[in-house]
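# have a look at this prediction, sequence included:
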2 protein chains.
Amino acid sequence: MAKAVKEASVRLGASPCELRTRSLTAFADGLKRHKEALFAANREDLARGSSLPAPILGRLKFDEHKLLDVIAGIRNLENLDDPTGKVLFERQLDEGLILSKVTCPIGVIGVIFESRPDALVQILSLCVKSGNGAILKGGSEAKNTNKALFDVLYEAGLSAGLPEYFAALVEDRAGIDELLHCHEDIDLLIPRGSNAFVRYIMENSRIPVMGHADGICHVYVDSDADPDMAVSVILDSKTQYPAACNAAETLLLHRQIAGQVMEKLRKADGPAVEYIEASSQEDFREYLDYKMTVKVVDDVDEAITHINRYGSHHTDCIVTRNETTAGRFQDLVDSAGVYWNASTRFADGFRYGFGAEVGISTGKMPPRGPVGLEGLVTYKYKLKGKGHLVGDYASGKRSFHFADLM
Amino acid sequence: MAKAVKEASVRLGASPCELRTRSLTAFADGLKRHKEALFAANREDLARGSSLPAPILGRLKFDEHKLLDVIAGIRNLENLDDPTGKVLFERQLDEGLILSKVTCPIGVIGVIFESRPDALVQILSLCVKSGNGAILKGGSEAKNTNKALFDVLYEAGLSAGLPEYFAALVEDRAGIDELLHCHEDIDLLIPRGSNAFVRYIMENSRIPVMGHADGICHVYVDSDADPDMAVSVILDSKTQYPAACNAAETLLLHRQIAGQVMEKLRKADGPAVEYIEASSQEDFREYLDYKMTVKVVDDVDEAITHINRYGSHHTDCIVTRNETTAGRFQDLVDSAGVYWNASTRFADGFRYGFGAEVGISTGKMPPRGPVGLEGLVTYKYKLKGKGHLVGDYASGKRSFHFADLM
């Protein structure tokens, strides 16, 4: 099956953007037309999983509200520029010998997601828009919903003109470990789920993984901070949505300002936050809750060292009025996002103006940080000559004349 | 040791380019000053390895000629632009909230190389120029030369002002497997050596690997080709340097032109090439020799399917006068380099005008193809605000006003 998707992905990748966008329209229409069947399939999953914890049931639910959300996401994608076929540079190497670097789809994306069936719709739409084949594996608790959603989208895609096997759904339980070993046919894995789930994927496959396990984000309040700004940035970073990966987990306070900031935090309006004084390495963890570890530091360098050692290279913030200190922090903190006087919660593809978010990657190699649609493309080099030979350059008969054409 | 290099790499990465370039000058001076000691260390390795095959001894040798080569490489690097600190985009998200995407070093590069000690100098210079820490592991047959070269470069770097542990040399034999498991402290592996060696590295580490195992490159001669151009492109692709990864290994001939091209090839001047008619999948292999597998195909689509199935996604060429056919080939062949009427031997960082070559990558994710100095950097997002909070955007109190500033 992976090989069939791989072969289809080549044709999908070279298909006109108009066809891919038309397929998205067909996706939205199909979902609307078959919504009652989709809700019915989802009710089966909900009934079967009735003993599951409430937050999981909430994620598992696929109702009118979730349908409107995924359709809005599809409409948004329809309007985005084609990320493929963009010429990144064009260079003359010599007379008549033109090199261009052009974006193209990555190939086949393996998407592995827990409970949320809406993730299937979102990620398949992203793959189709960017010309990538997709192999989807959902959680067993949502198997009826996933199958119903996939069937609707697959039929809609075929009727719009996409090649057979533009996508495939893995239904059996053993499928996940097989997927992790398909490095010849799957070019990128995108896991969606709990930290433990993402970590398992990362540790058990040689296929590149786009994503993040932990989100241990920091706010460091410098001695030169405006204490009121510090308090509002801390509270927004922690409480605006504590379950998000970009919520702050550890608060680092410069010794000179620590008492004043803590006093203001304790008096602040809004949801109560439990501040836990750091007593061991175990406290430098991800709570995903209204809890925050607090550590007092002597200077910005101690903060930087702490973040690079205990953080997850996701997003970290300094609050200060001092431009030099801010510059040092932004240069030396080794994270995908390094902020100055802004909430860590801004780490998000939509807030960055990307129009869509594929995910957030904490790996060092590109794509890094919040990843938009352009994270689903790579590039190839096209060289156009008139029979040019390397031997002529080696012998000195010809020589290179580099000139950038754009 | 990896942790020490990781910590040093943060300071190295934020150091001014002037310091990094000055260190390269110190490298060149040190090599010249200590050349007799280096040659003596190399003579020990050569004596110990006297029973090794001649090609390995040739690669192992470090003499006046190799010294001049590596110094020329260092001089060239000195003149290249700093790849770090480049602003890739700058965008206003809202008034006073500015996002910028800035290149930065990857962190720590693990370099694992067989026999050639000059690779140590070249890659350490590339790492220093790009602000990356380096952990180097050379082949045991060159251990005296590697140690002598490393000591000279390390001392030169420290005296120029680089931080302690800007680089480290792994000397023991067990070190290689330990390196492959240092995914917390090593961000990228660059293997240099035989295909089997590179494949071993790729299969035994979760750290991203930049490189390529096989180079199974193709020339496809279309029915609309100029037969004389086809013959010269084939011969250059095959014979200009058969041991290179970008040399062509398989020749695909359109049925209508196959006889004519083969006749011209057999009469052509230059080194004799053995043409082997494809009889099984085993023939679609890398010879690195004056041998080439020949397969007749019915059309460009059969050629494309063959290349995508049996190639190594490195570099493939079509010879044709037909622009539509060429376009189809360049769109549908899934390789890092897809050429039209030009020798596959052009796949090289210097020939692409990059000024330096880190390596050639056949992975799908960037960097792909020949990789220049910019392959040793990644990027981070810097966000600068005035106390901006996500809660204000969620509540509708503020809204985003995206505007690209460059």
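Perfect, I can see it now. All figures in this text were calculated on a predicted structure; none of them were measured in a lab.
# which residues in chain A form helices?
Residue ranges of the helices in chain A, as given by DSSP state H, are A:2-13, A:17-33, A:35-48, A:54-60, A:64-79, A:118-129, A:143-160, A:175-180, A:195-203, A:227-239, A:258-267, A:300-310, A:323-332, A:390-394.
# would you check how far apart A:Gly110 and B:Arg206 are?
Going from A:Gly110 to B:Arg206 by CB to CB, to the nearest Å gives 16 Å. Quick note: C-beta positions are derived from backbone N, CA and C, even for glycine.
# these two: which has the busier surroundings?
A:Gly110 (28 against 14; other CB atoms under 10 Å in any protein chain shown).
# test my guess that that one contacts A:Leu189.
Yes - A:Gly110 lies in contact with A:Leu189 (CB atoms under 8 Å); the separation is 4.6 Å.
# quick check: neighbours shared by those two?
A:Leu179, A:Ile207 (CB atoms under 8 Å, 6 or more residues apart in numbering or on different chains).
# contacting residues for the nearest residue to A:Asp226 once chain neighbours are set aside?
Leaving aside its chain neighbours, A:Asp226 sits nearest to A:Arg321 (6.2 Å; criterion: CB to CB, 6 or more residues apart in numbering or on different chains). Shown in contact with A:Arg321 (CB under 8 Å, 6+ apart): A:Asp224, A:Ala225, A:Asp226.
# gap between the last one and A:Lys264?
Going back to what we said before, that points to A:Asp226. Distance, A:Asp226 to A:Lys264, using CB to CB: 11 Å.
# swap in the first one?
Taking CB to CB as the measure, A:Asp224 falls 16 Å from A:Lys264.
# for A:His401, same thing?
Using CB to CB, we find A:His401 at a distance of 64 Å from A:Lys264.
# between those two, point out the one with more neighbours.
Neighbour count, other CB under 10 Å: between A:His401 and A:Lys264, A:Lys264 has more, with 16 against 11.
# so the more buried one touches A:Asp228, yeah?
Yes - under the criterion of CB under 8 Å, A:Lys264 makes contact with A:Asp228 at 7.1 Å.
# which residues touch the residue sitting nearest the centre point of chain A?
With distances taken as CA atoms, centre = their mean, the residue of chain A nearest its centroid is A:Gly359 (1.0 Å). By CB under 8 Å, 6+ apart, A:Gly359 lies in contact with A:Ile190, A:Arg192, A:Met210, A:Gly211, A:His212, A:Val371, A:Gly375.
# pick out whichever of the residues you listed sits closest to chain B.
Nearest to chain B out of these is A:Met210 (CB to the nearest CB; 8.7 Å).
# quick one: pLDDT of that closest one?
For A:Met210, the pLDDT comes out at 93.
# is it true that it touches A:Pro370?
No - A:Met210 lies out of contact with A:Pro370 (CB under 8 Å); the separation is 11.3 Å.
# if you drop the residues flanking it in sequence, what lies closest to A:Ser343?
In space, not counting the residues next to it along the chain, A:Ser343 is nearest to A:Asp236; the distance is 4.1 Å by CB to CB, 6+ apart.
# before we move on, what's the pLDDT of the one you found?
98.
# list the contacts of it.
Contacts of A:Asp236 by CB under 8 Å, 6+ apart are A:Ser343, A:Arg345, B:Leu389, B:Val390, B:Gly391.
# I'd assumed A:Arg351 was in contact with the fourth one.
Going back to what we said before, that points to B:Val390. Yes - B:Val390 is within contact range of A:Arg351, at 7.3 Å (criterion: CB under 8 Å).
# so which pair among the contacts of A:Gly359 is furthest apart in space?
A:Arg192 and A:Gly375 (14.2 Å; CB to CB).
# have a look at these two and say which one is more surrounded.
Just comparing A:Arg192 and A:Gly375: by other CB under 10 Å the higher neighbour count belongs to A:Gly375, 28 against 21.
# who touches the nearest residue to that one once chain neighbours are set aside in this structure?
Spatial nearest neighbour of A:Gly375, excluding adjacent residues (CB to CB, 6+ apart): A:Pro367 at 4.0 Å. By CB under 8 Å, 6+ apart, the contact list for A:Pro367 reads A:Met210, A:Ser361, A:Glu374, A:Gly375, B:Pro366.
# who touches A:Glu141 in this structure?
With CB under 8 Å, 6+ apart, A:Glu141 has these contacts: A:Asp45, A:Arg48, A:Gly49, A:Leu52, A:Ile56, A:Leu60, A:Ser115.
# pLDDT value on it, please?
What the model reports for A:Glu141 is a pLDDT of 91.
# now it: how far from B:Ala213?
For A:Glu141, the distance to B:Ala213 - CB to CB - is 40 Å.
# also A:Ala303?
Distance from A:Ala303 to B:Ala213, by CB to CB: 43 Å.
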